[in-house]
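Visitor: return atomic coordinates for the entry below.
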Amino acid sequence: MPRHARIDIPGLLHHIIVRGIERRDIFLDDQDREEFLSRFSALLEETGSRCFAWALLDNHFHLLLRPEEGTLASFMRRLLTGYAVVFNLRHNRAGHLFQNRYKSIVCDEDHYLLELVRYIHLNPIRAGKVVDLDDLLSFPWCVHADLLGKSGRSLVDSESVLALFSSRKGRACQLCKTFLADGLKTEKPQKLSRGGKRLSRALNPALAEDEEFDDRILGGGRFVENLLGATGQGAVKTLTLNDLIRLVGTHFSLDPEELAQPSKEQRIVRAKSVISYVAVRRLHIKSVDVAKALGYSSTAVTHAAARGRGIISEMPTLGKTLAGGKL
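Guide: Predicted structure coming up:
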């Protein structure tokens with residue numbers, strides 16, 4: 001049975017799982033792990049990609065990654081090839097190190113980000129590497145200490161993750177720990193290593209039985225429709241960036257020209273945040289293209305998109321307007 005093509009557009013959140021060939025170990029000692037993380041860190045910085053969770057086990061690893069500009073395929077090729085070459089030289093071996101095809105599941109960030117963060121955090125506990133969350137804080141090969149600022153590493157976008165719990169860092173850390181602890185109370189946790197209808201609906205009951213689903217995607221409904229349309233794998237017609245700018249501008253009583261210029265006026269900042277969020281997260285338009293249209297940098301678009309979701313949730317009329325625009 002032929003494999004489906006990967007869905008690989010900059011700005012998408014991916015849960016990545018990589019296993020050793022024949023499930024053999026891919027990390028034999030701490031030097032291997034440090035080598036891998038060093039390469040991973042360098043690539044994150046070079047490509048502007050953002051990591052939200054990671055965990056290294058003996059024969060596999062998990063990443064929760066959003067490439068902002070380049071493709072996931074390019075990022076992973078450089079990461080895996082470089083690491084495999086050094087590993088083989090160091091351990092005097094030859095041949096493939098990883099399974100031929102790593103797994104990548106595209107995820108609806110709005111509904112599944114925190115569940116995925118928790119799933120990856122708790123992976124070392126589930127695998128028996130550590131006993132509990134207290135032990136996990138001293139385990140150097142997963143995101144937990146990194147997120148809470150206790151590891152000296154800076155691989156993860158801790159600011160964005162903790163902001164989902166509270167705007168105050170101390171409070172956010174405490175709520176995050178409680179959220180993780182609640183996950184350990186589940187006797188049979190969901191295994192978040194796939195997409196498709198069953199798992200997407202189990203984690204988001206708001207999704208209807210007859211909505212659009214795809215085995216490569218953790219999510220459903222409009223998210224899947226827009227994503228397949230953006231990749232040319234569906235017939236869904238979505239707004240162009242110019243259409244979106246006009247639509248949001250009308251709602252905020254702003255002309256497109258006003259939205260193309262730098263400004264600190266609150267109304268313009270809020271409108272640009274909504275445009276950035278919808279363009280990047282829903283229409284999967286490249287951050288660099290949104291930046292050019294709004295007079296922003298790509299980094300500013302990323303931060304604006306993070307604000308945009310909250311603004312839409314505070315404005316029901318705007319949400320209906322966007323929904324009517326096939327978003």
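Visitor: can you give me the strands in the protein?
Guide: Assigned by DSSP state E, the strands in the chain fall at 13-19, 50-56, 60-66, 103-107, 217-218.
Visitor: in CSV: those strands, plus mean neighbour count and distance to Lys188.
Guide: C-beta here means a position set from N, CA and C on the backbone, and glycine is covered the same way. Output for the strands of the chain, formatted as CSV (neighbours: other C-beta atoms under 10 Å; distance: least, C-beta to C-beta, whole Å):
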stretch, mean neighbour count, distance to Lys188
strand 13-19, 20, 19
strand 50-56, 23, 20
strand 60-66, 24, 19
strand 103-107, 22, 20
strand 217-218, 26, 18
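Visitor: out of those, which comes closest to Asp29?
Guide: Each of these has some distance to Asp29 by C-beta to C-beta; the shortest is strand 50-56, at 11.9 Å.
Visitor: could I have the CA atoms of the closest one written out in CSV?
Guide: Only the C-alpha atoms of strand 50-56 are listed here, as CSV (Å, rounded to 0.1, in the frame of the first residue of the first chain):
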residue,chain,number,x,y,z
ARG,A,50,10.5,26.6,17.6
CYS,A,51,10.5,23.6,19.9
PHE,A,52,7.7,23.0,22.4
ALA,A,53,8.7,19.7,23.8
TRP,A,54,11.4,17.0,23.4
ALA,A,55,12.4,13.7,25.0
LEU,A,56,15.3,11.3,24.3
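Visitor: and that strand, how far from the chain's centre?
Guide: Relative to the centre of its chain, strand 50-56 is centred 9 Å away, using C-alpha atoms, centre = their mean, to the nearest Å.
Visitor: picking up where we left off before, dump the strands of the chain into JSON lines; add mean pLDDT and distance to Glu35 as well.
Guide: Formatted as JSON lines, the strands of the chain follow (pLDDT from 0 to 100; distance: least, C-beta to C-beta, whole Å):
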{"stretch": "strand 13-19", "mean pLDDT": "96", "distance to Glu35": "15"}
{"stretch": "strand 50-56", "mean pLDDT": "96", "distance to Glu35": "11"}
{"stretch": "strand 60-66", "mean pLDDT": "96", "distance to Glu35": "13"}
{"stretch": "strand 103-107", "mean pLDDT": "94", "distance to Glu35": "22"}
{"stretch": "strand 217-218", "mean pLDDT": "94", "distance to Glu35": "30"}
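Visitor: got TSV for those, with distance to Gly183 too?
Guide: Listed next are the strands of the chain as TSV, based on distance: least, C-beta to C-beta, whole Å:
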stretch	distance to Gly183
strand 13-19	16
strand 50-56	13
strand 60-66	15
strand 103-107	17
strand 217-218	17
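Visitor: separation between Leu64 and Leu228?
Guide: Distance of Leu64 to Leu228, computed by C-beta to C-beta, to the nearest Å: 22 Å.
Visitor: hey, what's the spatially most central residue of the chain bridged with?
Guide: Compute the mean C-alpha point of the chain, and by C-alpha atoms, centre = their mean the closest residue is Leu13, 2.9 Å away. Using DSSP bridges, the beta-bridge partners of Leu13 come out as Cys107.
Visitor: among the strands of the chain, which comes closest to Phe165?
Guide: strand 50-56 (13.3 Å).
Visitor: could you figure out how far the closest one is turned away from strand 60-66?
Guide: Angular relation of strand 50-56 and strand 60-66 on a 0 to 180 degree scale: 170 degrees, by axes from the mean of the first three to the mean of the last three C-alpha atoms, to 10 degrees.
Visitor: other residues contacting strand 50-56?
Guide: 13, 27, 33, 36-37, 40, 44, 61-66, 68, 113, 116-117, 120-121, 123-124, 141-143, 146-147, 155-157, 160-161, 302 (C-beta atoms under 8 Å, 6 or more residues apart in numbering).
Visitor: just the buried residues out of those, in PyMOL syntax.
Guide: In PyMOL, this line selects whichever of these come out buried by 16 or more other C-beta atoms under 10 Å:
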select buried, resi 13+27+33+36+37+40+44+61+62+63+64+65+66+68+113+116+117+120+121+123+124+141+142+143+146+147+155+156+157+161+302
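Visitor: gap between Val18 and Ala73?
Guide: Taking C-beta to C-beta, one finds Val18 at 13 Å from Ala73.
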